[in-house]
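> What follows is a protein structure lacking sequence information:
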């Protein structure tokens, strides 16, 4: 099996703020090359939470090249290979946004998510986070180092292929009854998961933006949204679609760089902790630690959408 596993770390909540990239080249099921770049983001600002996660600071990248100066070198290593990442919707969106920032045409490549591969290959695990999967596979690594994260993602795909007797990532996807994502000049197609899981609640990776340039002045542009609870005036899928059409990003879980958590309750402040969703509890805990997450109601979300009309 031949593919390239990659992992981005970002400087702040801007999806184009890549500050490091790790790439692992796999050929015939063996790791052949390990590559790592420090990258100067287009806006040289590092949020304290991001620094606490990966340890990279402004000083580390101040004299490093920006992404456009590195792209030819990076592409020479990944060209023609299926791309793999853990939570690929994030890493592929970083790639798209940083390419857009420098007006670089998208490459034409398939991609797959090692989270999806892990869920299919090892059903019933308590967690499919990268550190949990590393522990499950007996891998020691330094979490949130882009190269080390890419190495674990690569190992997940290698082991999943062996378990499923798949010779390629495409064959693994077929045997796992999923669909590869694809990035191409002018757009992308999200990787799909099983129909049964998606039928319950839409996955962020299943929402694809309309094929037109987004308005950079829209308040949702380049902002990450997570939804929790039942919305009354709009379906969750429709809400997520409006976000990505406006140039925003949807995520399935709460993490420090999320900008908005939309809660399907009019007054969530009156909820007891036992009544709050895990997403709401996680957002409140991160806010106490300094995260810039804004918790908003459905009405506030609808108003935010209309401000961009």
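Ah, there it is. Because the structure is a prediction, the values reported are computed rather than measured.

> Backbone torsions only: list them for residue 219.
Residue 219 adopts backbone torsions of phi -60, psi -20, taken as degrees, to the nearest 10.

> And residue 225, by the same measure?
phi -120, psi 140.

> Tell me how many other residues crowd it.
24 (other Cβ atoms under 10 Å). Placement of C-beta: from N, CA and C, glycine included.

> and what of the one 5 residues further on?
Using other Cβ under 10 Å, the number of residues around residue 230 comes to 10.

> got it, and the one 4 residues further on?
Each residue near residue 234 was counted by other Cβ under 10 Å, and the total is 16.

> wait, residue 22 sits on residue 142?
No: between residue 22 and residue 142 there is no contact, the gap being 10.9 Å when judged by Cβ atoms under 8 Å.

> joint contacts of the two?
residue 148 (Cβ atoms under 8 Å, 6 or more residues apart in numbering).

> so what does the helix or strand hosting residue 300 touch, helix or strand wise?
In this structure, residue 300 sits in helix 298-307 according to DSSP states H and E. Other elements packing on helix 298-307 under the criterion 3 or more Cβ pairs under 8 Å, 6 or more residues apart in numbering; DSSP states H and E are strand 260-263.

> Touching the strand it packs on from outside, list them.
Residues contacting strand 260-263 (Cβ under 8 Å, 6+ apart): 223-229, 231, 239, 254, 279-280, 283, 293-298, 301, 304.

> Now the helix or strand just after it: buried residues?
Using DSSP H and E, the helix or strand that follows strand 260-263 in sequence is helix 278-288. Neighbour counts using 16 or more other Cβ atoms under 10 Å place 279-280, 282-284, 286 of helix 278-288 among the buried residues.

> And for stretch 167-174, what's in contact with it?
Stretch 167-174 is contacted from outside by 1-3, 82, 84, 110, 112, 117, 157, 160-161, 164, 166, 179-180, using Cβ under 8 Å, 6+ apart.

> Out of those, which comes closest to residue 138?
residue 160 (15.1 Å; Cβ to Cβ).

> My guess is the closest one contacts residue 120. True?
Yes: contact criterion Cβ under 8 Å: residue 160 and residue 120 qualify, at 7.4 Å.

> which residues are in contact with both of these two?
residue 176.

> who's more crowded, these two?
Counting neighbours by other Cβ under 10 Å for residue 160 and for residue 120 shows that residue 160 has the greater number, 24 against 19.

> Check the gap between the more buried one and residue 95 for me.
22 Å (Cβ to Cβ, to the nearest Å).

> what's the answer for residue 175, then?
Residue 175 is 26 Å from residue 95, by Cβ to Cβ.

> ok, these two, which is more surrounded?
Set residue 175 next to residue 95 and count neighbours by other Cβ under 10 Å: residue 95 wins out with 29 against 16.

> ok, which stretches of the protein are strands?
Ranges of strands within the chain are 3-10, 18-27, 30-38, 82-85, 109-113, 181-184, 187-189, 224-228, 249-250, 260-263, 294-297, based on DSSP state E.

> No more questions from me, cheers.
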